[in-house]
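With the sequence up front, the predicted model follows.
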Amino acid sequence: MKKTMTQALLVTALTLCANGAHAQFSDILNNVASKVQSATSNGNNSTLSAISSIISSKLIPTSTQIVGTWAYKEPAVMFTSSNALKSATSSVVSKQIETKLQGYLSKVGISGGKMTMTFEKDKTFYVSRNGKKVATGTYALSNNDVTLTFKGRKTPCKVTPQLDNGTLVIVMDVTKLKTFFEGIGSNVSQLATVTSLLKTMDGMKVGIRMTKK
């Protein structure tokens, strides 16, 4: 099983390397595949059991916990899989891709300390950038997800929240990134390249990490 997954990662990395427009992310995946292959070949269980960005049902916030104003800190990448090999891979991939994603997000006006997201008790929310409200809407918690409905937009955006030690992460399927960033008033054209590439990563969810103000 581990060997099969490792080979799949290698194939993905090599395929992506063939596309010059995705060179930076291809390098990341190629590097990860190499490390995972080495770990599995040498039986390095400590590497395979490294801390990873795996979504946990235990970290879903309650309707009370999510209320408040949250300040954007950095991009977030998480995985839905709990497989040991996938866990080791995700811990390496997520951190490196988060760094690359910040470069893209900066181009659409999203950077640390400049954007906040406020969830009110009455199930409304609003997004502010540089102290100016740029988006409003309503939200609903259901099972392990939060559905955001932006005012003036027909398509709602379903996100997965994670709350741990005062940090709120909201991530979503890569296909929902466009809806989310358009909803908060950002130009998403800069994200087209990264979105098309990240679609190839099974079980990956991307979003933002925030801290409570």
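Thanks, I have the structure now.

leaving aside the residues next to it on the chain, what's closest to residue 176?
Excluding its sequence neighbours, the residue lying closest to residue 176 (Cβ to Cβ, 6 or more residues apart in numbering) is residue 157, at 5.5 Å. C-beta here means a position set from N, CA and C on the backbone, and glycine is covered the same way.

bridging residues for that neighbour?
residue 148 (DSSP bridges).

Surely it and residue 181 touch.
No: look at residue 157 against residue 181 with Cβ atoms under 8 Å: they stay out of range, at 9.5 Å.

out of the two, which sits in the more crowded spot?
Taking neighbours as other Cβ atoms under 10 Å, residue 157 and residue 181 compare with residue 157 leading, 24 against 21.

Would you indicate which residues of the one helix or strand residue 169 maps to are buried?
In this structure, residue 169 sits in strand 167-173 according to DSSP states H and E. The neighbour-count check on strand 167-173 (16 or more other Cβ atoms under 10 Å) flags 168, 169, 170, 171, 172, 173 as buried.

Can you get me a residue count around the residue nearest to residue 74 when sequence neighbours are not counted?
Excluding the flanking residues, the one nearest residue 74 by Cβ to Cβ, 6+ apart is residue 209, at 5.2 Å. Using other Cβ under 10 Å, residue 209 has 20 neighbouring residues.

partners of residue 209 in the sheet?
Applying DSSP bridges to residue 209 gives these bridge partners: residue 74, residue 169.

which SS class is the closest residue to residue 172 other than its chain neighbours?
Sequence neighbours aside, residue 159 is the residue nearest to residue 172 in space, at 4.5 Å (criterion: Cβ to Cβ, 6+ apart). Following DSSP: H, G, I helix; E, B strand; the rest coil, the label given to residue 159 is strand.

From residue 99, how far out is residue 139?
To residue 99, residue 139 is 29 Å away according to Cβ to Cβ, to the nearest Å.

So for those two, which sits in the more crowded spot?
Taking other Cβ under 10 Å, residue 139 and residue 99 do not tie; residue 139 has more neighbours (21 against 13).

Name the helix or strand for that one, please.
For residue 139, the element it lies in under DSSP H and E is strand 132-142.
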